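Engineer: model this:
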Amino acid sequence: MAPQHTTVDDAIYALVEGWCDRRDLGHLRIILAAWPRTTDLTDDWAMVMEALRDLRASRSLPEDEQGIVERLVTEVEHAVYRT
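Structural biologist: Now for the predicted structure:
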């Protein structure tokens, strides 16, 4: 089951846009190591998953962004592990 590309990519894009606006280089550094994806292969999704997990673990995001990251982690994990 592939993730909803538009939903995931749009959500990440919105997060990135907000981080750019406030010059949040720490969070940008984490996600830009894996996104945007260059292919639709599982390996690329796994890199996105790890970046999202790192963001989640940091617990340094505003509450609304933390919730978005939590949702994205779950969605991308389902794609990577095909559950």
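Engineer: and for I31, the neighbour number?
Structural biologist: Neighbour count for I31, taken as other Cβ atoms under 10 Å: 19. In short, each C-beta sits where N, CA and C put it, glycine included.
Engineer: that one touches S58, doesn't it?
Structural biologist: No. Applying Cβ atoms under 8 Å, one finds I31 not in contact with S58, separated by 11.2 Å.
Engineer: which residues touch R59?
Structural biologist: By Cβ atoms under 8 Å, 6 or more residues apart in numbering, the residues touching R59 are Q66.
Engineer: what's the answer for A34, then?
Structural biologist: Taking Cβ under 8 Å, 6+ apart, we find A34 in contact with 44, 47-48, 50-51.
Engineer: how does it look with 6 Å?
Structural biologist: 47-48, 51 (Cβ atoms under 6 Å, 6 or more residues apart in numbering).
Engineer: which among those residues gets closest to V76?
Structural biologist: Among the contacts of A34, V48 lies closest to V76 (Cβ to Cβ), at 5.6 Å.
Engineer: for the strand or helix carrying A79, list every residue counted as buried.
Structural biologist: Assigned by DSSP states H and E, A79 falls within helix 63-81. Buried residues in helix 63-81, counted by 16 or more other Cβ atoms under 10 Å: 65, 68-69, 72-73, 75-77, 79-80.
Engineer: now that helix: how far from the chain's centre is it?
Structural biologist: Distance, stretch centre to chain centre, for helix 63-81: 7 Å (Cα atoms, centre = their mean, to the nearest Å).
Engineer: for stretch 20-35, same thing?
Structural biologist: 11 Å.
Engineer: the chain should start at 15 in everything you say after this.
Structural biologist: Sounds good: first residue 15 from here, last item stretch 34-49.
Engineer: could you list the buried residues of it?
Structural biologist: So, applying 16+ other Cβ under 10 Å, buried residues of stretch 34-49: 38, 41, 44-45, 48-49.
Engineer: now stretch 47-57
Structural biologist: 48-49, 51.
Engineer: show the contacting residues for the closest residue to V90 other than its chain neighbours.
Structural biologist: Nearest non-adjacent residue to V90, counting by Cβ to Cβ, 6 or more residues apart in numbering: M63, 4.5 Å away. Going by Cβ under 6 Å, 6+ apart, M63 touches 90-91, 94.
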